[in-house]
Every structure is written in C-alpha cells, then in structure tokens.
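Colleague: can't give you the sequence, but here's the structure:
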C-alpha cells in the first residue's frame, strides 16, 4: 500500500505564505504525476495544481495561477506547494494525490493523502 502524508498547513493572514509538503511511503510506486486538490466547507473538491513527471509540465487552476507553485522530486515521490499572496478564499483542506496514468487535472487519482488544513484570515 502507498501512503501519502501532507504537512505544512496552518493559519496565516491574508497576503501571507505557506509551503505544503507531501511525501509517499510504503510499497514502491512509480507515479506519472502528483497533484494538489482542495476542498472548502460545503464545496466539492477542486483541482489546484499538478506536475507531470514526464517532461516536468505543470498545471494550475486559474484561481491560483501566479500565486502558487508546485515542485517536487520524482524519484522520491515528493511534491511541494508554495502558496504566496494567500486569500481568505484559499481556506480549505488541501490534499496531495498521485496517479500512474491519465489526465492530471481529473480527480480520479490512485492515491490520496489525509489532507492538511489551510486557513487564511482576513
């Protein structure tokens, strides 16, 4: 079994920054892509960003472009999310995910983390 563990969430004021980390452990797993999703109270889980290890292409939701940056280390199945200029509407539980194939913006990933809370105060 593969486990994904996120860390780095917390409470920050609007305009501040946070860096989330996600590391995979367990059985050997060769991911094709890793990504971040988020879910705010009363809302559906939404795509935030993803990185395709083949070529290193990155993808972002329009709402976070220019403010969030995804990076990582393919060989370690580790991914980071640098979040700058945070807004109250970024408040959500952020989930890390990994997949072995398929479109990276779709939510049908193979493995998911337990989530980490990000709260942005106004």
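Modeller: Structure received. Model, not experiment: these values are computed from the prediction.

Colleague: is the residue nearest the centre of the chain in a bridge, and if so with what?
Modeller: Of all residues in the chain, the one closest to the mean position by Cα atoms, centre = their mean is residue 36, 2.1 Å from it. Counting by DSSP bridges, residue 36 forms beta bridges with residue 49, residue 96.

Colleague: what's near enough to touch it?
Modeller: Taking Cβ atoms under 8 Å, 6 or more residues apart in numbering, we find residue 36 in contact with 20, 22, 48, 49, 50, 70, 79, 81, 94, 95, 96, 97. Quick note: C-beta positions are derived from backbone N, CA and C, even for glycine.

Colleague: now with 10 Å?
Modeller: Listed by Cβ atoms under 10 Å, 6 or more residues apart in numbering, the contact set of residue 36 reads 6, 20, 22, 47-51, 60-61, 64, 68, 70, 79-81, 83, 94-97, 113.

Colleague: which stretches of this protein have low pLDDT?
Modeller: Within the chain, no stretch has pLDDT under 70.

Colleague: What ranges does it have for its strands?
Modeller: Per DSSP state E, the chain carries strands over the ranges 2-7, 10-13, 18-26, 33-39, 46-52, 57-60, 68-73, 78-83, 92-99, 111-112, 116-121.

Colleague: closest to residue 105 out of those?
Modeller: strand 46-52 (5.0 Å; Cβ to Cβ).

Colleague: from the chain's centre, how far out does that closest one sit?
Modeller: 6 Å (Cα atoms, centre = their mean, to the nearest Å).

Colleague: tilt between it and strand 33-39?
Modeller: 170 degrees (axes from the mean of the first three to the mean of the last three Cα atoms, to 10 degrees).
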